[in-house]
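[1] here is a sequence together with a model predicted from it:
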2 protein chains.
Amino acid sequence: MHFSVTEENYIKAIFHLQQEDGTVSTNELAAVLATRPASVTDMLKKLKTKKLLSYEKYKGVRLTAEGKRLALAVVRKHRLWEYFLVHTLQFGWDEVHEVAEELEHITSRKLVDKLDVFLGYPKFDPHGDPIPDSQGKMQQQQQVNLIDLPPGTAAEVSAVGSQSTELLELLRHKSIGIGTRLEVKKKFGFDHSIEIKIKGQTAFIISQQLAQALFVKLI
Amino acid sequence: MHFSVTEENYIKAIFHLQQEDGTVSTNELAAVLATRPASVTDMLKKLKTKKLLSYEKYKGVRLTAEGKRLALAVVRKHRLWEYFLVHTLQFGWDEVHEVAEELEHITSRKLVDKLDVFLGYPKFDPHGDPIPDSQGKMQQQQQVNLIDLPPGTAAEVSAVGSQSTELLELLRHKSIGIGTRLEVKKKFGFDHSIEIKIKGQTAFIISQQLAQALFVKLI
DNA sequence: AAAATTATTTAGATTTGCCTAAAAATAAAT
DNA sequence: ATTTATTTTTAGGCAAATCTAAATAATTTT
Ligand SMILES: [Mn+2]
Ligand SMILES: [Mn+2]
Ligand SMILES: [Mn+2]
Ligand SMILES: [Mn+2]
């Protein structure tokens, strides 16, 4: 089976959305794919006949095992290419998402596997997201949202909740990246901001929105 | 300006064909693109309105300066990726053409230039074809067809005349590659076969077809 | 120079992915 | 339980890239 770029993008979007919800709605899909609900309905019918998803009118959609396999293959390529762009070609971590969005659709299986070998079988991409192996298995980090840490906890940043340029720009400005170690000093109920301290720097406060976009693991 | 994969493939095909002929015919294009003459005519009209080529009904076609620029950009990407696949990812030189055919359409300019840096600004791809620099300039080797060498001449293989799997398979079997040094021993008028000698091997005979597919530089 | 062959273009359809506008189903509010 | 609002689907069309079959132009042969 070989699928078009558009079909792969739909499958990947459904995969990501159904992590949160169990089942995915037409409107949600239209929103993340920047297209119209009517177009989504058309595509869902097609992907159903290709057995990549189960779909009943008005009932939302859910990937089949086959659809999940495809989604994981695309995610694997996306994240491996991002790792390549950052670690081999010296891109900034905020510059790679768009390019990987294209590279993830290159079809050669051999290419992906050789790239994986060359990179040394990385387990996480530059944004802290796990890279599926050639079997589609990925190592889940036991990570928690920074907003949920109680004061006094030390932690290491392990992932970001979005690839938006704005977020990554802010993080660069505050010198926060994957692997940064920090300690929660104080939490302010009024605006849910959090005071954190990074070794060698004076403590500073980050907003609720930023804290919610950061995932950490305890150390 | 941004162009579709199909448009880029047409422009690249015209570029290669017009190296030999000055002007390119509808049927030639249909043949190399594995499509129908009628489809070619449609596309030529479109590419004309985009000012990538000059075209008069029944008169054949020729790239404009703009069209040539685009063609060289695609060729640059194609050959840089081939170099990457062979030298970085350890592909065989006979396995890379198809994959590069997809990778050449990735749009990021920054990606190409960073890839070029990473690879060390290579001047020739794995098949001996020159890689255009970011200005579109490429270094032409003063190479000659092996079939035209007189007996007694020593030479080094610098390029192959096609990327076909069959050719590359035959070359691997005879341990001939880019950089192989050889000497022409004798030429046989009957079938235009040529006896050649590679250092450390006993002399052997290659066919006219193979000799015509090999380009060499004198040493 | 006329006839036959070959090359190229037009005409009319098809497929994919998308759109707008309108209809139908579901969910929420009164 | 109706009415209202939201979500989703259908209907009908459009643009890109392709195709087959038929028409026209160019070339070659006789
Ligand atoms: Mn994509
Ligand atoms: Mn990522
Ligand atoms: Mn191509
Ligand atoms: Mn090549």
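    Okay, I see it. Ligands and ions are numbered 1, 2, ... in the order given.
[2] buried ones in the top helix by length along chain A, by neighbour count?
    Looking across chain A with DSSP state H, the single longest helix is helix A:65-83. Within helix A:65-83, the residues that qualify as buried by neighbour count (16 or more other Cβ atoms under 10 Å in any protein chain shown) are A:67-68, A:70-83. Placement of C-beta: from N, CA and C, glycine included.
[3] is it in proximity to chain B?
    No. Counting by Cβ under 8 Å from any Cβ of the partner chain, chain B is not contacted by helix A:65-83; separation bottoms out at 9.9 Å.
[4] which helices and strands does that helix pack with?
    helix A:5-20, helix A:97-103, helix A:109-119 (3 or more Cβ pairs under 8 Å, 6 or more residues apart in numbering or on different chains; DSSP states H and E).
[5] which parts of chain A are strands?
    Secondary structure of chain A, counting by DSSP state E: strands at A:53-55, A:61-63, A:144-145, A:154-160, A:181-188, A:193-198, A:204-206, A:214-218.
[6] tell me which of these lies nearest to ligand 2.
    The minimum distance between ligand 2 and the strands of chain A falls on strand A:154-160, with 8.5 Å, by Cβ to the ion.
[7] strand partners of that closest one, parallel vs antiparallel please.
    With DSSP bridges as the test, strand A:154-160 is paired with strand A:181-188 (antiparallel), strand A:214-218 (antiparallel).
[8] on the pLDDT front, check residue A:116 for me.
    For residue A:116, the pLDDT comes out at 98.
[9] before we move on, what about residue A:15?
    In this model, residue A:15 carries a pLDDT of 97.
[10] how about the strands of chain A, which one is nearest ligand 1?
    Of all the strands of chain A, it is strand A:61-63 that lies closest to ligand 1, at 16.5 Å by Cβ to the ion.
[11] and that closest one with DNA strand C, contact?
    No. With Cβ under 7 Å from any atom of the strand as the criterion, DNA strand C is not reached by strand A:61-63; the gap is at least 14.2 Å.
[12] thought residue A:61 was touching residue A:27?
    No. In this structure, residue A:61 is not within contact of residue A:27 by Cβ atoms under 8 Å, at 11.6 Å.
[13] who's more crowded, these two?
    Neighbours per residue (other Cβ atoms under 10 Å in any protein chain shown) separate residue A:61 from residue A:27, with residue A:61 holding more: 24 against 9.
[14] how about the more buried one: what's its closest non-neighbour residue?
    residue A:55 (4.6 Å; Cβ to Cβ, 6 or more residues apart in numbering or on different chains).
[15] contacts only, for the one you found.
    Applying Cβ atoms under 8 Å, 6 or more residues apart in numbering or on different chains, we find residue A:55 in contact with A:44-45, A:47-48, A:61-62.
[16] determine which two of the residues you listed are furthest apart.
    The span of the contacts of residue A:55, defined through Cβ to Cβ, is set by A:45 and A:62 at 14.9 Å.
[17] tally of neighbours for the residue nearest to residue A:192 when sequence neighbours are not counted?
    Using Cβ to Cβ, 6+ apart and skipping the chain neighbours, the partner closest in space to residue A:192 is residue A:208 (3.8 Å). When neighbours are counted by other Cβ under 10 Å, residue A:208 registers 14.
[18] contacting residues around residue A:208?
    Counting by Cβ under 8 Å, 6+ apart, residue A:208 touches A:147, A:191-194.
[19] looking at these, which has the most residues close by?
    Sorting these by how many neighbours each has (other Cβ under 10 Å) puts residue A:194 first, at 23 neighbours.
[20] nice, that's everything, thank you.
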